[in-house]
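>>> Need coordinates for the following:
(one chain, ligands or ions: 2)
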Amino acid sequence: MTDRTNHLIAVGLSRSLKRKPIRLLFEGLPIVLFRTQDGQARALHDRCPHRHAPLSGGKVVGDALECPYHGWQFNGSGALVDMPCHVGALPRMAVPALAVQEAGGILFVGKSGGNEPYLTCATGPDMIAMTMENRVRSTVLDVAENILDATHTHFTHKGILRGLSSRRYRVKITVTAGADWVEAVYEGEPRQEGMVSRLLEGERGKGVARFRAPGIAELEFWGKRRLNLATTFHLRQEDADTVHGVAILAGPRQGGFGWLKALMLRPFFRIALGQDQRVLEASKNNAALFGNPQAAIGPLDILREPIRAILEGRVPDIAGETVIHEMEL
Ligand code: FES
Ligand SMILES: [Fe+2]
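Residues are numbered from 1 along each chain as shown. Ligands and ions are numbered 1, 2, ... in the order given. A predicted model of the protein is given here:
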């Protein structure tokens with residue numbers, strides 16, 4: 001089993017946490033995120049120990065969060081620091097706190113701190129990145145598979161990620177896996193004719209689709225020599241029906257990408273995400289009407305089982321092996 005208790009998990013964008021506390025579900029429990037006076041992000045269980053009021057309904061006072069009910073105040077570590085109307089020494093009380101780190105404009109929360117959060121495969125001083133977040137009614141398994149699956153793009157994203165022609169090319173796919181990751185490398189695809197590929201220019205070298213614990217799906221689009229574009233999706237099952245995703249769209253500052261291109265890409269990226277969201281939600285709702293039967297696993301669904309294993313904390317069956325597939329893409 002892989003130990004995932006110390007993973008830091010992306011829960012949102014730094015820019016959406018301002019003066020007002022935010023309540024969200026983290027691993028099944030409501031937590032409150034807030035910023036202390038010096039701008040530090042903090043996370044506590046969103047329950048006042050006094051009468052269980054959600055602390056997120058209160059406000060930040062200095063470095064503490066004030067409960068909206070009787071005004072008790074808790075600092076960023078969760079310790080009770082003020083109890084209005086009370087005379088004398090404060091009783092020792094606390095709200096459980098979680099570790100928070102901010103990196104690359106993303107808020108990460110974990111049970112324990114100390115680890116560096118994983119941000120994206122495309123890091124370095126010559127890379128620029130944009131972030132966005134979204135929620136979709138689905139499961140992490142279905143969303144991750146959707147992001148990494150090449151076969152739906154001809155239909156769901158015709159004209160955006162793929163050209164309008166039905167021309168296909170024989171592509172070689174090399175799948176490798178470790179204890180908590182799986183990766184598929186696509187070779188033999190020429191440059192694609194969709195809008196996104198047109199914007200990126202350059203020859204297509206290879207494509208990489210990767211899933212890694214705890215819930216990170218990423219795509220790399222390589223030119224002949226360098227990485228042209230990378231997208232990293234941090235996925236989190238917020239409640240039984242909702243996946244929260246934080247996406248990073250990154251590319252090299254020079255040449256193929258640049259700010260202008262990044263800005264031009266963003267609307268296409270949003271359209272593609274909307275197309276995926278519609279098909280995922282329609283499928284989920286439809287499955288429910290049929291009593292949620294088992295989904296059929298076809299021979300092209302090469303990453304679903306490894307992704308499922310990683311999400312369940314198991315080592316994928318193909319770990320340590322190299323599996324070669326061929327597809328007409
Ligand atoms: S419920 Fe929070 S102070 Fe009373
Ligand atoms: Fe898609």
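
>>> Mind pulling up the pLDDT for the closest residue to ligand 1 within the stretch 101-250 of the chain?
As assessed by CB to the nearest ligand atom, ligand 1 sits closest to Val109 within the stretch 101-250 of the chain, at 22.2 Å. For the C-beta atoms, the positions are set from N, CA and C on the backbone; glycine is no exception. Looking at Val109, its pLDDT reads 97.

>>> Return the set of buried residues in stretch 309-318.
For stretch 309-318, burial by neighbour count (16 or more other CB atoms under 10 Å) applies to Ala309, Ile310, Leu311, Val315, Pro316, Ile318.

>>> Let me know the closest of those residues to Met127.
Checking those against Met127 by CB to CB gives Ile310 as the nearest, at 25.8 Å.

>>> and that closest one, what are its phi and psi?
phi -60, psi -40 (degrees, to the nearest 10).

>>> can you tell me which helix in this protein is longest?
Across the chain, the longest stretch assigned as helix under DSSP state H is helix 258-289.

>>> Could you list every helix and strand in contact with that one?
Helix 258-289 makes packing contacts with strand 127-137, helix 140-148, helix 153-156, helix 195-200, strand 242-252 when contacts are defined by 3 or more CB pairs under 8 Å, 6 or more residues apart in numbering; DSSP states H and E.

>>> Next, the angle from it to helix 140-148.
With axes from the mean of the first three to the mean of the last three CA atoms, to 10 degrees applied, the angle from helix 258-289 to helix 140-148 works out at 140 degrees.

>>> I'd like the distance from helix 258-289 to the chain centre, please.
Offset of helix 258-289 from its chain centre (CA atoms, centre = their mean, to the nearest Å): 14 Å.

>>> buried residues in it?
For helix 258-289, a neighbour-count test (16+ other CB under 10 Å) marks 261-262, 265, 268-269, 271-273, 275-277, 279-280, 284 as buried.

>>> Ok, stretch 162-180 next?
Within stretch 162-180, the residues that count as buried by 16+ other CB under 10 Å are Arg162, Gly163, Val171, Ile173, Val175, Thr176, Ala177, Gly178, Asp180.

>>> Equivalent analysis for stretch 9-24, please.
Ile9, Ala10, Val11, Gly12, Leu13, Ser14, Leu17, Pro21, Ile22, Leu24.

>>> can you pull up the bridge partners for the first one?
Yep, that's Ile9 we're talking about. Under DSSP bridges, the beta-bridge partners of Ile9 are Val109.

>>> Ala53 contacts Glu66, correct?
No. Counting by CB atoms under 8 Å, Ala53 sits too far from Glu66 to count as a contact (10.7 Å).

>>> Phi first, then psi, for Lys172.
Note on Lys172: backbone dihedrals following degrees, to the nearest 10 are phi -100, psi 130.

>>> so who does it touch?
Tyr186, Glu187, Gly188, Ile324, His325, Glu326 (CB atoms under 8 Å, 6 or more residues apart in numbering).

>>> correct me, but the fourth one touches Ile173?
Yes. A contact is recorded between Ile324 and Ile173 when judged using CB under 8 Å, the distance being 7.1 Å.
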